[in-house]
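Asks: Quick one, what's the 3D model for this:
(chains A and B)
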There are 2 protein chains.
Amino acid sequence: MNDDARSVGHVKPQRARFDETIRLRSGAQLPGFDLVYETYGALNAARSNAVLVCHALSGNHHVAGFYDPENTRKTLGWWDNLVGPGKPLDTRRFFVVGVNNLGGCHGSTGPKSHNPATQKPYGADFPLVTVEDWVETQALLADRLGIETWAAVIGGSLGGMQALQWTLAHPERIRNAIVIASAPKLSAQNIAFNEVARQAILSDPDFHSGHYYERGVIPRRGLRLARMVGHITYLSDDQMAEKFGRQLRHDAHRFNYDVEFEIESYLRHQGDKFADSFDANTYLITTKALDYFDPAFSYGGDLCAAFARARADFFVASFTTDWRFAPERSHEIVQALLHNGLNVSYAEIDCAAGHDSFLFDTPYYHQTLAAYLERIAS
Amino acid sequence: MNDDARSVGHVKPQRARFDETIRLRSGAQLPGFDLVYETYGALNAARSNAVLVCHALSGNHHVAGFYDPENTRKTLGWWDNLVGPGKPLDTRRFFVVGVNNLGGCHGSTGPKSHNPATQKPYGADFPLVTVEDWVETQALLADRLGIETWAAVIGGSLGGMQALQWTLAHPERIRNAIVIASAPKLSAQNIAFNEVARQAILSDPDFHSGHYYERGVIPRRGLRLARMVGHITYLSDDQMAEKFGRQLRHDAHRFNYDVEFEIESYLRHQGDKFADSFDANTYLITTKALDYFDPAFSYGGDLCAAFARARADFFVASFTTDWRFAPERSHEIVQALLHNGLNVSYAEIDCAAGHDSFLFDTPYYHQTLAAYLERIAS
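Replies: Sure thing, here's the model as predicted:
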């Protein structure tokens, strides 16, 4: 098949409105909310072929296909290499759903949305949401779409945490959890990096305690710094060395604060791009959701006990160069699952791209994942 | 000996004025400058027992002893556990010199100093300085003190780079180089972390293009963030896990942006403390000096060729949990030295404290260092 034939093609987001008040894990309530989502492929008559794709920190509902046929590359979904006819998550077999999480900034109700209580954007009044809350709202969307049980829930990084949480919150509604480059909880170092990112935003004078929309500004500097520090943790040391090393922008040292080494240019570019496209309040909320995720917390830290109620089969994958969520973090998950006699497949994949490896189509990665998905095709 | 007997006691900084114009590696010139320094112990008649201690990013000339007898703990030198009578760098044998580097913010001429050309503080007009420049100005101080040859030059991290540079710039003036937790040059990831720190400062609205002194403000937010991100790289992942883990500040989650996990409190505290005591322009200059250090650069990247002119004996040490300048970076140095038939001692030390390990008194570390220093005692 050529590339066009393997694309889900031109896609459009859809919107689901939920009028019920929901109570979040924090105790806060929301008087109804919207979820924006996309679907690819067709739900079969048995409604047994649905796969939910959960996004990570900077992702959204636009998983596959493109918005603008004139500009397919620039409007391509973030996991387009995985989802489509003939791709590992094959849309000829599966009905795939991507959803923008609650608190997001790409259409679902979040800090940028209208707060009926104040007639202004929520801003900092938008409550903190957790992985648990996301799964509950995803379950409401599943109800709406007539999906009683997911054939699979799949995600990388924070997305993988949502897949894990599905097996705990709704063990009877998920047959397979696909957990890639994830962790059962953040380490102190992970939290530390998140905290620096948050402080960059919170201390930006344009943040205005989270109510910057009304001021017509955005905390651009903070968001840019947050993304720069994030990017260092997404790439591996080796990959940075290989890609940029100490390559100079000019022939000689310039002895000023302009770009001297190419790595500086890369980071500034990534920071700028992100600051132009993402919302700072959503960034804050999402890093907190990462920090809070800890299914073993109510079991005295015993992850085996936490997974006692899981019923799904699992595919877990990690990447050798990922130092944000190193393979050891996936081993913890695998061990807890095996302890409970669950069916687990695990792949440790050589890929130089660090944490970001889950977004690449390394052959062994996509082949093992395709094989697993083929096995569960209904 | 009790602790008091092992202290160099109450110390006072001294000041050396150099009226000659110096030309820096960048091509910029300075019309004279001051260096602030401290000395401990006595220079022997042969002037053969002098040891120069070079400081790292946030250090200064106050290496040992205390300023305030009423408050010894709070005014203690940063390497007091190493320097004193009966300590590894034994002041009964050695005449030890600590110096605040040019461009610093603790007394030596730097961005906070008076610029005779503008009658204002230098601010951003203070030129970038390099490790090479520091060594040249330290050589002028050695001349002033009547020290023709150092028994040893010692430093950790960026301080170790200065010790290395001494063996290259003045091979005949240094008998031993003691290079701890250092690297022959920064990696792309090292530069990336520095760049985030710099961008935090440069983008702080209170930075005013480096001329904040005249405005009566300091780029506190930026400096605080720079230090926070720095601190993550100074500690090991394991040590953070052991020291803080996911320990909560309160009994339950609070679901806000106050301190939730203890690691957040630690980072904020470190950032605040540093922002109150360090100068942002000096921080910028120092990170750039780190970025630029690369003795192999003029040898097509060949570190062995770069060290062909070194004549000193070397003691190199690294720490197993240091991921900023990992043991592999010390191996590069050791290999280049051995390639040149130089006399090298090397210790790889188990210490949980990451890059900061060089500041601790782990027994094996201090014992091997003491043994080496005893061997060279003149």
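
Asks: Look up how far A:Trp79 lies from the closest residue to A:Phe66 other than its chain neighbours.
Replies: Leaving aside its chain neighbours, A:Phe66 sits nearest to A:Thr72 (4.1 Å; criterion: CB to CB, 6 or more residues apart in numbering or on different chains). Heads up, the C-betas are built off the backbone N, CA and C, glycines and all. Using CB to CB, to the nearest Å, A:Thr72 is found at 15 Å from A:Trp79.

Asks: how about the helix or strand hosting A:Gln165, does it reach chain B?
Replies: Using DSSP states H and E, A:Gln165 sits in helix A:158-169. No - if you take CB under 8 Å from any CB of the partner chain as the test, helix A:158-169 misses chain B, and the best it gets is 14.5 Å.

Asks: Flag every residue of the stretch 201-350 of chain A that's near chain B.
Replies: Counting by CB under 8 Å from any CB, the stretch 201-350 of chain A sits next to chain B at A:202-205, A:221, A:224-225, A:228-229, A:231-232, A:235, A:237, A:240-241, A:243-246, A:253, A:255-257, A:260-261, A:263-264, A:267-268, A:271, A:284, A:288, A:291-292, A:294.

Asks: Which of these fall within helices?
Replies: Members of these lying in helices (criterion: DSSP state H): A:202, A:221, A:224-225, A:228-229, A:231-232, A:237, A:240-241, A:243, A:263-264, A:267-268, A:271, A:284, A:288, A:291-292.

Asks: quick one: secondary structure of the spatially most central residue of chain A?
Replies: For chain A, the residue nearest the mean C-alpha position is A:Ala56 (1.1 Å; CA atoms, centre = their mean). Following DSSP: H, G, I helix; E, B strand; the rest coil, A:Ala56 is assigned to coil.

Asks: isn't it right up against A:Gly156?
Replies: Yes - because the distance of 5.8 Å satisfies CB atoms under 8 Å, A:Ala56 is recorded as touching A:Gly156.

Asks: Roughly how far does the residue lying closest to A:Ala152 once chain neighbours are set aside sit from chain B?
Replies: Closest residue to A:Ala152 apart from its sequence neighbours, by CB to CB, 6+ apart: A:Asn176 at 4.0 Å. Distance of A:Asn176 to chain B, given as CB to the nearest CB, to the nearest Å: 29 Å.

Asks: Ok, A:Gln119 next?
Replies: Here the criterion is CB to the nearest CB. By it, A:Gln119 lies 24 Å from chain B.

Asks: again with A:Val51
Replies: A:Val51 sits at a distance of 31 Å from chain B (criterion: CB to the nearest CB).

Asks: List the contacts of that residue.
Replies: Going by CB atoms under 8 Å, 6 or more residues apart in numbering or on different chains, A:Val51 touches A:89, A:94-97, A:150-154.

Asks: again with A:Glu214
Replies: Taking CB under 8 Å, 6+ apart, we find A:Glu214 in contact with A:120-121, A:123.

Asks: Which stretches in chain A count as strands?
Replies: A:14-23, A:29-40, A:50-54, A:83-84, A:89-90, A:95-99, A:114-115, A:120-121, A:152-156, A:176-180, A:313-319, A:344-349 (DSSP state E).

Asks: so which of those gets nearest B:Ile191?
Replies: B:Ile191 lies closest, by CB to CB, to one member of those: strand A:313-319, at 23.4 Å.

Asks: What is that closest one packed up against?
Replies: When contacts are defined as 3 or more CB pairs under 8 Å, 6 or more residues apart in numbering or on different chains; DSSP states H and E, strand A:313-319 sits against strand A:176-180, helix A:327-339, strand A:344-349, helix A:363-376.

Asks: these two touch, right, A:His339 and A:Ala306?
Replies: No - shown here, A:His339 and A:Ala306 do not form a contact pair, counting by CB under 8 Å, at 10.6 Å.

Asks: which of those two has more neighbours?
Replies: Each of A:His339 and A:Ala306 has its neighbours counted (other CB atoms under 10 Å in any protein chain shown); A:Ala306 has more, 21 against 14.

Asks: Could you check how far that one is from B:Ala252?
Replies: A:Ala306 is 18 Å from B:Ala252, by CB to CB.
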